[in-house]
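I'd like to go over a predicted model; first the sequence, then the structure.
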Amino acid sequence: MSSTTAVPTSDDHRSDESHLLSYPRFLKRILWLATEGSFGFYAWMTLLTALSLVGANAWANQVAGGMIGTNMTDHVSWGLYIANFTFCVGLAAGGVMMVIPAYLYDDEDMHKVVIVGETVAIAAIVMCTLSVIVDLGRPDRFWHMIPGIGEFNWPMSMLTWDVIVLNGYLLINLHVVGYLLYMRYLGRKPDPKWYIPFVFLSIFWAISIHTVTAFLYCGLGGRPFWNTALLAPRFLASAFVSGPAFIILVMRVIRVTTGYTAPVGPARTLIQIIRVAMVVNLVMLASEIFTLFYTGGGHASAANYLFFGAHGHHGLVPWIWSAIALNLLGTFLFFLPAAMERSTVRIVACLCCIVGIWIEKGMGLIIPGFIPSTLHEIVEYTPSLIEWKVTVGIWAFGMLVLTLLMKLVVSVFTGQVRSKEPTATV
Amino acid sequence: MVVVCWDGTPPRDNQRRERDVLAQSISTVPSPIVAQAISETERKSSAPSEPGRHAVVVRRPDGPPLIELAATDPQGRSGQVACSTCHSVRPPNLANRSSDSLDEFHQGLTFNHGTLACYACHNPEQSDALRLADGSVVEYRDVMTLCSQCHAAQATAFRHGAHGGMNGHWDLSRGPQTKNNCIDCHDPHEPSYPKMIVGFKPRDRFLKDETKHDDHK
Amino acid sequence: MTTTNDPSPAGDGGGDRSLPVIANPSRRTAVKGAFATLGAAAFVAAVSPLRQAAQRSSAAEFMQSHYKRLTDEDKRQVIARLEAEAKENHGVEVEIADDRPIPNTKFVYAINLSVCNGNGKCVEACHKENNHDRSTGQSYIRVLEMPKGTMDMEQGNTTYSGVVPKDDKFYLPVQCQQCDEPPCVDVCPVKATWKEEDGIVVVDYNWCIGCRYCEAACPYHARRFNWKQAEVPAEEINPDQSYLSNRIRPVGVVEKCTYCLHRTRRGKLPACLEACPTGARVFGNILDPDSNIRWILENKRVYILKEELGTKPAFFYYFD
């Protein structure tokens, strides 16, 4: 933006006005603005709302009828929900790949759009939380986890760590995004001491959310497929592909729908990051596969089932090979020079990698952890209709949140709404 | 004809017995040939009535076996006779090892217990009792003494609860324990434990029967 | 983050595409309010099945505290409530006790694999004793049929049937190993499962949130989740129950083998042991030097499952 400084200093704005008055007005104003838009916008929001409601209804039915409505079993006790959760944590962590260049390397252009990454993180964390809640057999007992009134098995349970880091990450990002928006709205220059420490905290925190999520799985000795020290690094590497790829798509959507054109630099930086991260991810995947298959024995049985099928069961074979094909294709496309331009290649590459990693981390990692079972029984898993509905609902709600947040961000940052100009939207 | 005096049903409390009846027990556990309620049991010597402790009760046969008569008397009554009814007047064939060589009685008897001769265990002088290897008489009720001559390892394991089924209490300060004796589970003439048919199976959701397309081999 | 300071282009763009009929801001507010109300109403309708779920559990159950925080009086009330619920929902008079560990007792189990013939009586006894769902034939025990000459469970199979034992097989019953280092307890986020002084790992069914992390953590497939409400005909319900053991479990929570603590903490043998026709099962107090189990551990070659995982099972397998 040519005038980052021009907006804040252009007026005698009511800097002396109490935040108690201006903040509610800010909220009211942005709420109004977030619900303003074109037919396309309303159609999109209606679609997302409808899908969210379908998901909510499916979940309510699942709670009422018992988890028997899912296709999870005592053998495959986690399914699509936890798979999706794992991916969404990666999405949230991936936003940090904008924060690091912007704040650690003082990339000016990246600095202008870094808030997109932070916003994506908020929406992703919302999806994570929902994915865990729908997986609970007793959501009514959620309060048992609240320290003080419940019993919080910290530090023993990795799940409690995950609760802490995910909520912490949500709060940090809400604070940073909210603060920057509010300051921009007031037309003031953000005070570094109110957000820079949080930004740096968020860098470590982003790494931690995905590390802790990997620790959920890799700490379980009874599940040899997960029980590998490489799991957390793999999670991070794939997150640094799926997160930036998703952000590139979001920025494209912003450009198409709002006409706001971001500088070319940030997307190129992100693609450079994706290139490295994807290669690292594939190398780690390859070394994992080598270790499993070259050693062989019982530890390879899950991998065997995943890649080639075992004992007449082949449920995950199409999934994993699709993931590998999509990841390789995406990587190849990202390495084409065309990916550096605003091209279809870039979009396709992003989509390939996002879908590829979604499968690799979900159906390709969570599910085979359970197959064969700890008694070496093979019980296959395909998500039920309820599970698909709920998951689609979660994604729709996440996109709903993301759309609203992006709308606010764009309108505040393009100066459509600010404290001195109440009728800016007309 | 196999005649063993035992009770194939392990003693249990009534509630449990009722529940067992509900379940169709498709097993080939040796069924009682002569079902007789165990009227009398004897305390196991290893845990005599120590104050405050309940006994370990080892089930025992009631007494010598009785033969059901195939024929009926003129009044239409069948009857049971003791071994000695016939054997007191028939000379023992000490060399006999199998029912195959018998021409009149016990022809249906399956015998598969090593190379033992009939009179290795049965007492030729006193046919309502058994004999130990040293020739001394041992009552049918004390059959475990007889078995233990050869199966000392099992007898030791039995004494320590590592062989043979049991019911009741693990904590003898709270209640007694009942243990099966050898012939509750092992037919003395064919002692290898019989085959059974698996009756009950959990039906795990989506778990397919592996045995149908077993490519383990 | 904009290329221009002037809000009008974006504003115009928005204006052009916005709903033309309602340009009036106050009317737009009304329309937005109407849509928001509609959305809220649709949401309420969408989640209405939750009412059905809410009816299943009482306010008292919702508010109930963790087992270890209950006073004796609390426990009395909770148990009275559970007994009343059993009467109401299942039509059966049950007696729920709160059996506590016997001092100086640590329970240990052993199975003689030379003797076990895989007949499955233990599986069935567990099913009945612990009020498991009848339609799925649930049980805390699974028996693996294994080829002789290996201890590799990958070679095993739980779905065998017919005549047993097969000549080239041996049989490996697996249930909760009541580990001394239980991974399932470590991972529980709400301390709904713990190891008691006598070694039994228990679950507070009224505290479990149903995340199933413990199921993922257990290396022995010992835990079961109540995917639906267990159905047991009233006349088949075992009325002899305990709070931490075989009482009728609520839907959506995890359960597991408790070494039949409603029996064993009253000095009795577990149901699976009594049902075993081969006498393969041995149970006792390892702290008692004269116990059967001590003799086995001191005199037999014992084996534990997945020893390399460091879970330290209180469950041993041995051969004659």
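That came in fine, so what should we check first?

give me the number of residues near the residue nearest to C:Asp288 when sequence neighbours are not counted?
Spatial nearest neighbour of C:Asp288, excluding adjacent residues (Cβ to Cβ, 6 or more residues apart in numbering or on different chains): C:Arg294 at 6.7 Å. In short, each C-beta sits where N, CA and C put it, glycine included. By other Cβ atoms under 10 Å in any protein chain shown, 17 other residues sit near C:Arg294.

below-threshold pLDDT in the chain: ranges please.
No chain specified, so I'll use chain A. A:1-16, A:420-426 (pLDDT under 70).

nope, chain C
Using pLDDT under 70, chain C drops low at C:1-23.

which parts of it are helices?
Secondary structure of chain C (DSSP state H): helices at C:8-17, C:25-46, C:49-56, C:59-63, C:72-90, C:121-129, C:183-187, C:213-217, C:261-264, C:271-275, C:292-299.

the stretch 101-250 of chain A too?
Per DSSP state H, counting those that start in this stretch, the stretch 101-250 of chain A carries helices over the ranges A:108-135, A:158-186, A:192-218, A:231-258.

mind checking which of these is nearest C:Met151?
Distance to C:Met151, taken as Cβ to Cβ, is lowest for helix A:192-218 among those, at 25.7 Å.

buried stuff in the closest one?
Applying a neighbour-count criterion of 16 or more other Cβ atoms under 10 Å in any protein chain shown, one finds A:195, A:198-199, A:202, A:205-218 buried in helix A:192-218.

give the other helices and strands that it contacts.
In this structure, helix A:192-218 packs against helix A:80-94, helix A:96-99, helix A:158-186, helix A:231-258, with contacts taken as 3 or more Cβ pairs under 8 Å, 6 or more residues apart in numbering or on different chains; DSSP states H and E.

ranking these by burial, who's on top?
Comparing the helices and strands packed on helix A:192-218 by mean neighbour count (mean count of other Cβ atoms under 10 Å in any protein chain shown), helix A:80-94 ranks first with a mean of 28.

relative to the whole chain's centre, how far out is that helix?
6 Å (Cα atoms, centre = their mean, to the nearest Å).

that helix and chain B, any residue contact?
No: Helix A:80-94 is not in contact with chain B by Cβ under 8 Å from any Cβ of the partner chain; minimum separation 15.0 Å.

output the contacting helices and strands for that helix.
Counting contacts by 3+ Cβ pairs under 8 Å, 6+ apart, helix A:80-94 packs against helix A:108-135, helix A:158-186, helix A:192-218, helix A:231-258, helix A:344-361, helix A:385-413.

and with 10 Å instead?
The contact analysis (3 or more Cβ pairs under 10 Å, 6 or more residues apart in numbering or on different chains; DSSP states H and E) places helix A:80-94 against helix A:108-135, helix A:158-186, helix A:192-218, helix A:231-258, helix A:264-295, helix A:344-361, helix A:385-413.

which stretch among these comes nearest C:Tyr160?
Among the helices and strands packed on helix A:80-94, helix A:264-295 comes nearest to C:Tyr160, with 28.8 Å by Cβ to Cβ.

that closest one: which residues count as buried?
Neighbour-count burial for helix A:264-295 flags A:266-271, A:273-274, A:277-278, A:280-282, A:284-285, A:288, A:292 (criterion: 16+ other Cβ under 10 Å).

likewise for stretch C:33-51?
Buried residues in stretch C:33-51, counting neighbours by 16+ other Cβ under 10 Å, are found at C:Gly39, C:Ala42, C:Ala46, C:Val47, C:Pro49, C:Leu50.

cool, stretch C:306-320 as well?
Neighbour counts using 16+ other Cβ under 10 Å place C:Lys306, C:Leu309, C:Thr311, C:Pro313, C:Ala314, C:Phe315, C:Phe316, C:Tyr317, C:Tyr318 of stretch C:306-320 among the buried residues.

against A:Val410, how distant is A:Thr258?
Applying Cβ to Cβ, to the nearest Å, the value for A:Thr258 to A:Val410 is 5 Å.

distance across stretch B:74-87, terminal residue to terminal residue?
Using Cα to Cα, to the nearest Å, the end-to-end distance of stretch B:74-87 comes to 24 Å.

how about that stretch: buried residues?
Under 16+ other Cβ under 10 Å, the buried positions of stretch B:74-87 are B:Cys83, B:His87.

residues making contact with it?
By Cβ atoms under 10 Å, 6 or more residues apart in numbering or on different chains, the surrounding residues in contact with stretch B:74-87 are B:3, B:34, B:63-73, B:88, B:104-105, B:122-129, B:140.

now that stretch: average pLDDT?
Averaged across stretch B:74-87, pLDDT comes to 84.

and for stretch B:103-119?
For stretch B:103-119, the mean pLDDT works out to 89.

could you pull out the strands for chain B?
B:5-6, B:34-35, B:42-43, B:56-58, B:66-68, B:80-82, B:130-131, B:137-138, B:166-168, B:177-179, B:196-197 (DSSP state E).

just so I know, which of those lies nearest C:Pro239?
Closest among these, using Cβ to Cβ: strand B:166-168, at 20.0 Å.

at contact distance from chain C, anything in that closest one?
Yes: Strand B:166-168 comes into contact with chain C (Cβ under 10 Å from any Cβ of the partner chain), by way of B:Met166, B:Asn167, B:Gly168.

hang on, the earlier thing: with distance to C:Gly137 added, can I get the buried residues of stretch C:33-51 in TSV?
Compiled in TSV, those are given as follows (distance: Cβ to Cβ, whole Å):
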residue	distance to C:Gly137
C:Gly39	45
C:Ala42	42
C:Ala46	36
C:Val47	34
C:Pro49	28
C:Leu50	31
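
and which of those is nearest to chain B?
Chain B has its nearest neighbour among these in C:Pro49, at 22.1 Å by Cβ to the nearest Cβ.

find the nearest non-adjacent residue to A:Glu380, please.
A:Glu380's closest residue in space is A:Gly315 (Cβ to Cβ, 6+ apart), at 4.0 Å.

return the residues in contact with the one you found.
A:Gly315 sits in contact with A:76, A:305-306, A:309, A:363, A:367-368, A:371, A:378-382, where contact means Cβ under 10 Å, 6+ apart.

among those residues, which ones are buried?
Buried by 16+ other Cβ under 10 Å: A:Val76, A:Tyr305, A:Leu306, A:Met363, A:Ile367, A:Pro368, A:Ile371, A:Ile378, A:Val379, A:Glu380, A:Tyr381, A:Thr382, out of those.

okay, now the unreliable bits of chain B?
Low-confidence segments of chain B (pLDDT under 70): B:1-50, B:210-217.

what segments of chain B are helices?
Counting by DSSP H, the helices of chain B are B:14-22, B:83-87, B:118-121, B:143-150, B:152-159, B:182-185.
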